[in-house]
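S.K.: coords please:
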Amino acid sequence: MACRISELVIDAADPERLAEFWSKVLGYVELGREDDGSIEIGPPDAGFGGPQPTLILSPSSDPRAGKLRLHIDVNPTDRDQDAELERLLALGARPADVGQTGTESWHVLADPEGNEFCLLSARLRPL
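M.R.: Numbers count the residues shown, from 1 in each chain. This is a model prediction of the structure:
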């Protein structure tokens, strides 16, 4: 038997702001809040344990040191990559430079707190 990813936990200076951003990016909804200020977001109909992992935005005042060793990749589901890039930038993402050459088929972006993620070119079927 194997494991599967059920949750991704992201430290956040402002969990509220990141929860709002990632909810809009992924079409997620708020699933719950903890007394420590953590906010869990996930797919509206499945929630925790569904086919997609939930995200937990956990409050942290620790400064980030350097480039993240793990990042999220996203794919458009209902539009092409260029249109999705425009949407993500309008939501508050910004271009990020992690040493790419400029010939990549993906875009490297950063969320409102500077966490890098990539917008890939392949269009995926929505779940």
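S.K.: rest of the way, CA atoms for contacts and neighbours
M.R.: OK.
S.K.: Lys67 sits in which helix or strand?
M.R.: Under the criterion of DSSP states H and E, Lys67 resides outside all helices and strands.
S.K.: measure it to Ala110 for me?
M.R.: 11 Å (Cα to Cα, to the nearest Å).
S.K.: so what sits against both of the two?
M.R.: Glu116 (Cα atoms under 8 Å, 6 or more residues apart in numbering).
S.K.: more neighbours, those two?
M.R.: A count of neighbours by other Cα atoms under 10 Å puts Ala110 above the other of Lys67 and Ala110, at 20 against 11.
S.K.: helix, strand, or coil at Ala83?
M.R.: helix (DSSP: H, G, I helix; E, B strand; the rest coil).
S.K.: oh sorry, the question was meant for Val108
M.R.: Val108 ends up strand, using three-state DSSP.
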